[in-house]
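> What shape does this take:
(chains A and B)
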Amino acid sequence: MKALFAGVLIVGLIGAASAQAAPDQASASAALAQADASAKKAGEMGAQWNVTVKALKAAHTAAESADYATAQTEAEKADTLAKLSIEQAKEQKTLWRNEAIK
Amino acid sequence: MQGKTMKRMLIVALSIGLVVPAMAASNPSPASDLKAFQDYFHKRFPTVPPADFVNGPYAMNADMRAQWQDIMQFPPYQFALDSGKTLFEAAFPNGHHYGDCFANKGLGIAQNYPKFDPKSGKIITIEIAVNQCRTKNGQPPLDLQKGDMADIVAYMTSTSDGKPIDVKIPNDPRALAAYEAGKEYFYSRRGQLNFSCASCHVQGAGDHLRAEVLAPALGLTAAFPMYRSTWGDTGTVVRRFIECNIQVRAEPGKPDSTAYRDLEYFLAYMNNGLPVAGPGARP
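Model (predicted):
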């Protein structure tokens, strides 16, 4: 019973690992395109975070040297940060008034 | 029939009642903002004399004040001041001077900046006015943050030392919009750390941030340009804006951006009545 449980667990872990495909040029490019678009939008709103710019730069540098795993990780990080900054800017459009001295 | 009319009248009255306060809340009123802003700091720091707010952290902390008084026996911005005077008085190749571009030959006028320019509809800071003067006289613009610009403005500001700050917001919708945009910028949280200018300089005023004592927003721009020990030289207020943005992990704007001009306009207006204290010195 114990052996069966361990076997099932191992198979499950292997399955989960293999379900997520290793990053390649195509997936990294897609992640970069998405991150570029989100960062562009954040910039246009005046909401850009410098950590987004750093992550995006790292993603592009990694992609140029064919390190697609790093490129994808950094691009996804940049995309998340950009989206958070957009959300912050949208919320602050009204929330800033709560902080104002009246 | 009468019941229906009554109902309609009631709805109209209710709508007016809701719309009017909403309009009042969104209409910018710089004069009432100024009073509320200064009252807030006077009530929060009742032992600080009103004019002392221009001294920032030194008005909040006795130890820092004692150190500053020692430092000021040999002001660290003195080299900038001397260089600024030389640069300011030197003639352009066409024979004109900086003084020719300004009222009162550029002396004792810093308390009136930033100004609203009705021609462009934009806010003109004293640094931008210096660059406009250079362009008019065939010279390339200077870096708005440091170097010769900081030196020239340090000298010009020193000739206004002690004069009450008197920034005007003319009755022009564009001036009011610039003021309101500056106010919104000041209170809006930004950057990955989710800080607004007000987080440090209103809510955190007088508190410690590591070894620093946070300066209150009242008087914040009165001592610029300033020598900051962390910079190791003299810089303008926009240099500090950029530094603050970076510290909260926001991407800074361009030094001549509308956002920074409007922010300075709002902050300088909030200082109205306080004495000019620039150039200043800070840790």
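> Give me the next element, helix or strand, following the helix or strand of chain B with the lowest mean pLDDT.
In chain B, the helix or strand scored least confidently by mean pLDDT, DSSP states H and E is helix B:2-26, which has a mean of 50. Next in sequence after helix B:2-26, counting helices and strands by DSSP states H and E, comes helix B:30-44.
> so where's chain A uncertain?
Under the criterion pLDDT under 70, the flagged ranges of chain A are A:1-20.
> What parts of the stretch 51-200 of chain B come near chain A?
Contact residues of the stretch 51-200 of chain B with respect to chain A, defined by CB under 8 Å from any CB of the partner chain, are listed as B:183, B:184, B:187, B:188, B:189, B:190, B:191, B:192, B:194, B:196, B:198, B:199. (C-beta placed from N, C-alpha, C; glycine too.)
> Now which of those would you call buried?
Under a neighbour-count criterion of 16 or more other CB atoms under 10 Å in any protein chain shown, the subset of these counted as buried comprises B:183, B:184, B:187, B:188, B:189, B:190, B:191, B:192, B:196, B:198, B:199.
> now those residues as TSV including pLDDT?
Listed next are those as TSV, based on pLDDT from 0 to 100:
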residue	pLDDT
B:183	98
B:184	98
B:187	98
B:188	98
B:189	98
B:190	98
B:191	98
B:192	98
B:196	98
B:198	98
B:199	97
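> Which of these fall within helices?
Residues of these located in helices (DSSP state H): B:183, B:184, B:187, B:198.
> and the residue most central in space within chain A, how far is that from chain B?
For chain A, the residue whose C-alpha lies nearest the mean C-alpha position (CA atoms, centre = their mean) is residue A:76; its distance is 2.1 Å. For residue A:76, the distance to chain B under the criterion CB to the nearest CB, to the nearest Å works out to 16 Å.
> Next up, the contacts around that residue.
Contacts here follow CB atoms under 8 Å, 6 or more residues apart in numbering or on different chains; on that basis residue A:76 touches A:31, A:35.
> element containing it, please.
Using DSSP H and E, residue A:76 maps to helix A:68-99.
> which of the residues in that helix are buried?
Of the residues in helix A:68-99, A:68, A:70-79, A:81-86, A:88-89, A:92, A:96, A:99 count as buried by neighbour count, 16+ other CB under 10 Å.
> got it, and stretch B:93-108?
Along stretch B:93-108, these residues count as buried under the neighbour rule (16+ other CB under 10 Å): B:97, B:98, B:101, B:102, B:106, B:108.
> Could you pull up phi and psi at the second one?
I take that to be residue B:98. The main-chain torsion angles of residue B:98 are listed as degrees, to the nearest 10 and equal phi -50, psi -40.
> Please look at it and residue B:88 and confirm they touch.
Yes: in this structure, residue B:98 sits in contact with residue B:88. The criterion is CB atoms under 8 Å, and the distance is 5.2 Å.
> Now do the shared contacts for those two.
Taking CB under 8 Å, 6+ apart as the contact rule, residue B:98 and residue B:88 both touch B:106, B:152.
> give the contact list for residue B:107.
For residue B:107, the contacting residues are B:99, B:156, B:159, by CB under 8 Å, 6+ apart.
> Could you measure from the residue in the stretch 1-150 of chain B that chain A sits nearest to over to residue B:53?
Of all residues in the stretch 1-150 of chain B, residue B:40 sits closest to chain A, at 4.8 Å by CB to the nearest CB. For residue B:40, the distance to residue B:53 (CB to CB, to the nearest Å) stands at 11 Å.
> now the buried ones among the residues of the stretch 51-200 of chain B next to chain A as CSV including distance to residue B:143?
Supplementary listing: those in CSV, determined by distance: CB to CB, whole Å:
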residue, distance to residue B:143
B:183, 27
B:184, 27
B:187, 29
B:188, 27
B:189, 29
B:190, 24
B:191, 24
B:192, 27
B:196, 27
B:198, 28
B:199, 28
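> residues in contact with the spatially closest residue to residue A:41 that is not a sequence neighbour?
Nearest residue to residue A:41 in three dimensions, chain neighbours excluded: residue A:86, at 6.0 Å (CB to CB, 6 or more residues apart in numbering or on different chains). Taking CB under 8 Å, 6+ apart as the definition of contact, the neighbours of residue A:86 are A:38, A:41, A:42, A:45, A:47.
> out of the residues you listed, which is most surrounded?
residue A:42 (25 neighbours; other CB atoms under 10 Å in any protein chain shown).
> my guess is that residue meets residue A:48, correct?
Yes: when contacts are counted by CB under 8 Å, residue A:42 is listed as touching residue A:48 (4.8 Å).
> Now the common contact residues for these two.
Taking CB under 8 Å, 6+ apart as the contact rule, the neighbours common to residue A:42 and residue A:48 are A:82, A:85.
> so what's the backbone phi/psi at the nearest residue to residue A:92 once chain neighbours are set aside?
Closest residue to residue A:92 apart from its sequence neighbours, by CB to CB, 6+ apart: residue B:188 at 4.4 Å. Main-chain torsions, residue B:188, degrees, to the nearest 10: phi -90, psi 130.
> Now do the contacts for residue B:188.
Counting by CB under 8 Å, 6+ apart, residue B:188 touches A:92, A:96, B:196.
> pretty sure the first one is in contact with residue B:186, am I right?
Okay, so that is residue A:92. No: in terms of CB under 8 Å, residue A:92 does not count as a neighbour of residue B:186; the distance is 11.6 Å.
> Quick one: neighbours of residue B:244, just the number.
17.
> Show me what the helix or strand where residue A:62 lies is in contact with.
In this structure, residue A:62 sits in helix A:50-64 according to DSSP H and E. Residues lying outside helix A:50-64 but in contact with it, judged by CB under 8 Å, 6+ apart, are A:28-29, A:31-32, A:35-36, A:39, A:42, A:68, A:70-75, A:77-78, A:81-82, A:85, B:191-192, B:246, B:249-252.
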